[in-house]
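Undergrad: Turn this into a structure:
(chains A, B, C and D)
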Protein chains: 2
Amino acid sequence: MQNTETRERKPRADALRNRALILEVAQKHFLEHGVGTSLEAVAKEAGIGTGTLYRHFPTREDLVAGVLQLHAEELEVKRAQITSIADPDEALAQWLRAMEDYISAYNGLPGPLVAAAQEGHKDSPLSVPCTTNIETTNDLLAAAQKNGHARASVTGNDLFNVVASTAWLRSNCGVADVPVESMRDILTNGYNES
Amino acid sequence: MQNTETRERKPRADALRNRALILEVAQKHFLEHGVGTSLEAVAKEAGIGTGTLYRHFPTREDLVAGVLQLHAEELEVKRAQITSIADPDEALAQWLRAMEDYISAYNGLPGPLVAAAQEGHKDSPLSVPCTTNIETTNDLLAAAQKNGHARASVTGNDLFNVVASTAWLRSNCGVADVPVESMRDILTNGYNES
DNA sequence: ACCTGAACACCGTTCAAGT
DNA sequence: ACCTGAACACCGTTCAAGT
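TA: Here you go, the predicted structure:
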């Protein structure tokens, strides 16, 4: 029986090339102009018709998710490194900073990510990287709550939102990174003393 | 001597009417679609040419600042109320919440505001409301540092950024406000226990 | 199976022409 | 002094026509 619906079909060679090319050019444009950049300009620089771009990535979210996939291995390496740190507080802190950097890769990325991370958005192509990262956060947080100093009432989803907000601030407050440093300090210690 | 450059000149009646009309319609569209809404649609619903809109508000920031001015009195009342609260910690907490609500009035407002609040952006029409609010924050924070429990290392600008980030999260995480509650808790107390 | 590019609807911004 | 709206350049998205 030929199950043409569910079986993996071998894509044509030019389609594969186009897909990779689109991702490469899109990454460059995301870097320069954020994830809201002109898709028409991406298609033009890739030397393809706009229809081809839409065929490969029907929505902007699909394209963003595709570009994010390019960072997957790198993040996985970092995750493995950090997971092996003995001090659970230090491990959690380093992981949160790694996630902040990951989310800060392109302007305008924090918004779609926190939206996709919310419950009931499993349909979004961006929910995949979100749930993966939140799971890791949950694990590291659980360890820090048990053997470290993390508060029991905090959840991994909370910390994901908090880190995304920091990433948002980072790309909106200009060049000086002192505001972001202060933000991290406040998130860690609160603005009140104990 | 007729100093036509610096003297205040009486605007024409239709210009005044148009200005008020633009602000009214813009506020409605900002509420429904955020501050990035179509200016052409605003002009059309106001029944004026697009050129007239640009004459009154040369940039989108000018229009946003104009609409924000509509909230000025209301915020001033709240500021006066809060300033008279005896407990400095409580006063600061209520003021931060009031600012968060103020910044949450329209989607997309937090971005321009934190940008305008940064040093060296005194040229932006949005820097006026920013500096006003940050000054109040500085005053209430100073009192909370002296006679309350606010940490000495925190500044009013820090808290403004933090509150703007919370407002940003509020408009990006969908309907449930539990994530924002958690964010506020973490900002107040940190994610680590003392 | 995949690609192309014209077509449509939309938007920001400017500016010559009006009153 | 102020308003109008055409004009220009740009963008997202779809879809008939090609290979």
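Undergrad: Tell me the pLDDT of the residue of chain A found nearest chain B.
TA: With CB to the nearest CB, the shortest gap between chain A and chain B falls at residue A:194, namely 3.0 Å. Using the backbone N, CA and C atoms, a C-beta is placed for each residue, glycine as well. For residue A:194, the model assigns a pLDDT of 72.
Undergrad: Against residue A:51, how distant is it?
TA: Remark: distance between residue A:194 and residue A:51 (CB to CB, to the nearest Å) = 60 Å.
Undergrad: contacting residues around the residue of chain A closest to chain B?
TA: residue B:194 (CB atoms under 8 Å, 6 or more residues apart in numbering or on different chains).
Undergrad: just residue A:38 next, same as before
TA: residue A:29.
Undergrad: Likewise for the one 5 residues further on?
TA: Listed by CB under 8 Å, 6+ apart, the contact set of residue A:43 reads A:22, A:49, A:50, A:52, A:53.
Undergrad: can we see that at 6 Å?
TA: Residue A:43 makes contact with A:50, A:53, according to CB atoms under 6 Å, 6 or more residues apart in numbering or on different chains.
Undergrad: any idea whether it is helix, strand or coil?
TA: Secondary structure state of residue A:43, per DSSP: H, G, I helix; E, B strand; the rest coil, is helix.
Undergrad: Can you check the pLDDT for it?
TA: 98.
Undergrad: And the pLDDT for whichever residue of chain A sits closest to DNA strand C?
TA: Using CB to the nearest atom of the strand, the closest approach of chain A to DNA strand C is made by residue A:51 at 2.0 Å. For residue A:51, the pLDDT comes out at 97.
Undergrad: And for residue A:27?
TA: The per-residue pLDDT reported for residue A:27 equals 98.
Undergrad: just residue A:14 next, same as before
TA: 89.
Undergrad: List of residues touching the helix or strand it falls within?
TA: Residue A:14 belongs to helix A:13-33 when assigned by DSSP states H and E. The contact list for helix A:13-33 (CB under 6 Å, 6+ apart) reads A:37, A:42, A:45, A:46, A:48, A:52, A:53, A:56, A:63, A:66, A:67, A:106.
Undergrad: Near DNA strand D, list only the ones from these.
TA: residue A:37 (CB under 7 Å from any atom of the strand).
Undergrad: Now the two most distant members of the contacts of helix A:13-33.
TA: Pairwise distances across those (CB to CB) peak at 22.3 Å, for the pair A:52 and A:106.
Undergrad: Against residue A:96, how distant is residue A:89?
TA: 11 Å.
Undergrad: When those two are compared, which one has more neighbours?
TA: residue A:96 (23 against 16; other CB atoms under 10 Å in any protein chain shown).
Undergrad: Now for the closest residue to the more buried one other than its chain neighbours, how many residues are close by?
TA: Spatial nearest neighbour of residue A:96, chain neighbours left out: residue A:163 (5.4 Å); criterion: CB to CB, 6 or more residues apart in numbering or on different chains. Counted with other CB under 10 Å, the neighbours of residue A:163 add up to 27.
Undergrad: Need phi/psi at residue A:163.
TA: Dihedral angles of residue A:163 (phi, psi; degrees, to the nearest 10) stand at phi -70, psi -40.
Undergrad: what about the helices in chain A?
TA: For chain A, the helices defined by DSSP state H cover A:13-33, A:39-46, A:50-56, A:60-69, A:72-83, A:88-103, A:110-117, A:127-147, A:156-172, A:178-189.
Undergrad: Which among those is found nearest to residue B:167?
TA: helix A:156-172 (9.7 Å).
Undergrad: which parts of chain A sit against chain B?
TA: When proximity is defined as CB under 6 Å from any CB of the partner chain, chain A approaches chain B at A:111, A:114-115, A:118, A:149, A:151, A:154, A:158, A:161-162, A:165, A:168-169, A:172-174, A:179, A:182, A:186-194.
Undergrad: Which of those residues are buried? Put it as a PyMOL command.
TA: To isolate the buried members of the residues of chain A next to chain B in PyMOL, using 16 or more other CB atoms under 10 Å in any protein chain shown:
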select buried, chain A and resi 111+114+115+118+151+154+158+161+162+165+168+169+172+173+179+182+186+187+189+190+191+192
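Undergrad: For residue A:147, give me its contacts.
TA: By CB under 6 Å, 6+ apart, the residues touching residue A:147 are residue A:88.
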